[in-house]
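[1] Predicted model and sequence below, questions to follow.
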Amino acid sequence: MQSPKNPRVEKSRAYQRLVRKLTKENLWLFIISLLLNKPMYAYEVKIHLKERYGLNVATVTVYTVLYRMKHEGLLATYEESGTKYYKVTEKGVIVYKEAKRFLHRILKLLEDINNMTT
């Protein structure tokens, strides 16, 4: 993840909380985004989270989130050559798209309010 342009912003607890909530506490969004391209095994997900999004997540966290996502029906698994792969289910795609729409609405709302006050 890129650091903000203003160093004082990065030190703000409110900003740090926002970053944490939108990244590590919502890893499922990033994971589905990765898995929409191709199924992956758990450690491969961890590697791609770092490479693509700059998210350095503990391996156990990735496994925990994948387990919860599978339990919720957002992901399915299959085995190939003794390796467990994760793929996005239809429900996972639907929930992911709705989450993106929600985030877009929030950003638009903030931008609209900001435009009204300037």
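    Now that the structure is in, tell me what you want to look at.
[2] which element is residue 50 on?
    helix 42-53 (DSSP states H and E).
[3] just how off-centre is that helix within its chain?
    Offset of helix 42-53 from its chain centre (C-alpha atoms, centre = their mean, to the nearest Å): 11 Å.
[4] in the chain, which helix has the most residues?
    Determined from DSSP state H, the single longest helix within the chain is helix 90-117.
[5] what comes up buried for that helix?
    Residues of helix 90-117 classed as buried: 92, 95-96 (neighbour count, 16 or more other C-beta atoms under 10 Å). Where C-beta positions appear, they are placed from N, C-alpha and C, glycine not excepted.
[6] With pLDDT and distance to residue 108 added, can I get these in JSON lines?
    JSON lines is the format used below for the buried residues of helix 90-117 (pLDDT from 0 to 100; distance: C-beta to C-beta, whole Å):
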{"residue": "92", "pLDDT": "98", "distance to residue 108": "25"}
{"residue": "95", "pLDDT": "98", "distance to residue 108": "20"}
{"residue": "96", "pLDDT": "98", "distance to residue 108": "19"}
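[7] of the residues you listed, closest to residue 35?
    Taking C-beta to C-beta as the measure, residue 35 lies nearest residue 92 of these, at 7.9 Å.
[8] most centrally placed residue in this protein?
    residue 30 (2.6 Å; C-alpha atoms, centre = their mean).
[9] ok, it touching residue 50?
    No - assessed by C-beta atoms under 8 Å, residue 30 is found out of contact with residue 50, at 10.7 Å.
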